[in-house]
Every structure is written in C-alpha cells, then in structure tokens.
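Chemist: Here is my input; please provide its structure:
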Amino acid sequence: MTTVLAGGVGAARFLSGLVQVVDPSTVTAIVNVGDDTVLHGLHISPDIDTVTYTLAGAINPDAGWGLRDETWKAMDMVAHYGGPSWFRLGDRDLGTHLYRTGRLSEGPSLTMVTAEIAQAWGLTMRLLPATNDRLRTMVTVADEGEIGFQDYFVGRQHSVPVTGLRFDGANNAQPAPGVLDAIERADVVVIAPSNPLVSISPVLAVRGIRAAVLAARARVVAISPIVAGVALKGPADRMLRELGHEASVVGVARLYAALASVLVIDEADATSAPEVEATGMRCIVVPTIMSSPEAAAALARATLAAV
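Modeler: Purely as a prediction, here's the structure:
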C-alpha cells in the first residue's frame, strides 16, 4: 500500500503518475484541507477537487485547477449583482460545491462526501481529507496583518510578502478516520512535490499525523517541489525565502530531514546531492518535472523504488 501526503497541483500530477504504475485501489491520498473556504455559502475544498479532477482526466490543463471546457455564466451573474467574483468558480465546478455543501448539511462527514464525489468520477484510489474538523491556513502579509489563504493566494495573486503562517483549528483538529492507519500500514509513504509550508505543513499540523510520519520515517520518501531554486508552479520558492528558509533542495531537505529518510531531487540539482545527504537523508537524483503522463509515471516508479 502507498500513502501520499498531498496538496495542490504537484501532488495531483504525481498521483496521476502513481496510479499508472500501481493498482489505484492500493493508493491512499491524505489531502490538505487548510485551503478550504466558504464562499457564496458553499464549502469549497480546492486541493481535494484538484486531485479528484486531475485523476478523473477532467482538470483544466491550462490552469491546473477547475474543470476543462468550463462556462462562467454563474460568476458573471454574481458580478452583475455586485457580489464577490474574484474567486472564479465555473458552472460545472459549482455543481461539485453545491453537492458537497448540501451533503455536509445533512450530516455526513467531509470524508464520506469526498468518497462519494470520487466514486462518481470513477476513481478507485482512496482520497481522505486530513481532518473532518475545521482547519484553515492563515497568512500574515506585510502591511496588512493576517488574512485567509485564499485571500492571499487568489485575491492577491500571492504577490504580497509573507511574514507568518498559522493553522487555525489545528490544536483541536483530529485526523479523519483512516488517516493514521493509512500511514502506519503503508509500505511507502510519499510526501508529494507540494508546497512544504502551505500544502504539507497543514496536514502535519493535525493531531497525530506528524507523529505517525515520524514513526514511519524509514518508509517515507519526499519529493522536492523546488527545481534549480524555483517552484514550478505557485509561490513556494518566494514563501520559503520570506519565512527564512533556503529556496533550494537543501532547504527542502532541512525541512523534511526528521520526517523522511529519502529526498528525490531533479537532475538540475544533482550537484546539491551531498548537501542533501549531509542532513541525514539519502538523495535520489531523477527527472522530476512532470511534463507528460509518462514523465509522471517515471517519477512515481523512481520514488517507490527509493524506499
């Protein structure tokens, strides 16, 4: 069994490669919900939806989020009324949020509703939210103070300097059913090539998850989302620097050294392998840029072979 700590586009692409090389029913993704928000009265789970749509082959390939061949009539109408339309939700995507919100109001947990949505898309791998409890990533930005993650990421296009992060609700959030078991029973635990600070850290902030990963360290392999000092998508490189970390594979290694026994890095960073290994991790050098389904599958094979 393979368990993946996941969040964002990088994790979704890795998972799409992983299910090409192993039986999808043996894969569990533990997905970040720190990005979740409520807008227009709807419960929106961006990372869960990005993973779901990507694995279903329905993702918008240009944006990396939302559905392909979308229309935007509902958002246009919201804007017509003067309502908030900065967080763009396509008409079909709105159907997902309507269904999720309606079902949550009837009593089922986010875990149960996520499973229903995944099944409707024909997915056989297991998608688990890190927690069913409220967890929100809060970002402190220069000259403004603390704002919600989506305000930072979408509303301000992640263009403002970050001075701090906080995971609101983490002290009380319990792991969703099956999460700890998936880590403890896994043959390999993968930390996906996601932003370490706002995609992986919220997962680890949920009670018991970090301890479970620490206990499994010999079976844990992390994949660097930084290639040649740059994040391939999103603000991970800038956030690392702004929060006092090195925006490099070495900086990633220092963040993950206690959690993972192996770090997978790209060939562009091969000369940094000795510095990575100086942190106490083994270093595997392979192509990590998932520019095609074949490249994603090759990275998945190399990652599984590393443990």
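
Chemist: Show me the shaky parts of the protein.
Modeler: The model of the chain has no residue with pLDDT under 70.

Chemist: repeat that with 90
Modeler: Where the chain drops to pLDDT under 90, the residues are 61-65, 142-144, 155-159, 232-234, 307.

Chemist: Give me the domain ranges for it.
Modeler: 2-134+171-305, 136-168 (automatic domain parsing).

Chemist: Tell me which of the ones you listed is the most buried.
Modeler: Of the domains of the chain, the one with the most neighbours on average (mean count of other CB atoms under 10 Å) is domain 2-134+171-305, at a mean of 19. Just so you know, the C-beta spots here come from the backbone N, C-alpha and C atoms, and that holds for glycine as well.

Chemist: any idea how far that one is from the chain center?
Modeler: 2 Å (CA atoms, centre = their mean, to the nearest Å).

Chemist: Quick one: end-to-end length of that domain, please.
Modeler: The first and final residues of domain 2-134+171-305 sit 12 Å from each other (CA to CA, to the nearest Å).

Chemist: following the longest helix seen in the chain, which helix or strand comes up?
Modeler: Determined from DSSP state H, the single longest helix within the chain is helix 91-106. Next helix or strand after helix 91-106 toward the C-terminus (DSSP states H and E): helix 110-120.

Chemist: Which SSE is immediately downstream of that next one?
Modeler: Later in the chain than helix 110-120, the nearest helix or strand by DSSP H and E is strand 126-129.

Chemist: strand partners of that following strand, parallel vs antiparallel please.
Modeler: The pairing partners recorded for strand 126-129 under DSSP bridges are strand 27-31 (parallel).

Chemist: neighbouring contacts of the partner strand?
Modeler: Applying CB atoms under 8 Å, 6 or more residues apart in numbering, the set of residues contacting strand 27-31 from outside is 1-7, 11, 15, 18-19, 47-48, 51, 114, 125-130, 178-179, 182-183, 186, 203, 209.

Chemist: switch the cut-off to 7 Å
Modeler: 1-7, 15, 18-19, 47-48, 51, 125-130, 179, 182, 203 (CB atoms under 7 Å, 6 or more residues apart in numbering).

Chemist: Ok, stretch 163-171 next?
Modeler: For stretch 163-171, the external contacting residues (CB under 7 Å, 6+ apart) are 34, 133-142, 197-198, 202, 205-206.

Chemist: next one: stretch 94-112
Modeler: Contacts for stretch 94-112 (CB under 7 Å, 6+ apart): 42-45, 49, 74, 89, 113, 116-117, 128-129, 132, 176-177.

Chemist: let's see it at 8 Å
Modeler: 33, 41-45, 49, 74, 89, 113, 116-117, 128-129, 132, 176-178.

Chemist: coming back round to it: in strands, which of the contacts of stretch 163-171 appear?
Modeler: When DSSP state E defines the strands, the subset of the contacts of stretch 163-171 inside them is 136-141.

Chemist: And those residues, which is closest to Glu242?
Modeler: Relative to Glu242, the closest of the ones in strands among the contacts of stretch 163-171 is Val141; by CB to CB it sits at 9.5 Å.

Chemist: partner residues bridging that closest one?
Modeler: Counting by DSSP bridges, Val141 forms beta bridges with Gly145, Val162.

Chemist: who's in contact with it?
Modeler: Counting by CB under 8 Å, 6+ apart, Val141 touches 147, 152, 156, 160-163.

Chemist: and it, how far is that from Val276?
Modeler: 31 Å (CB to CB, to the nearest Å).

Chemist: related to what we said a few turns ago, can I get the contacts of Val141 in TSV including distance to Glu106?
Modeler: Below are the contacts of Val141 laid out as TSV (distance: CB to CB, whole Å):
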residue	distance to Glu106
Ile147	31
Tyr152	32
Arg156	35
Val160	39
Pro161	42
Val162	37
Thr163	40
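
Chemist: Good, wrapping up.
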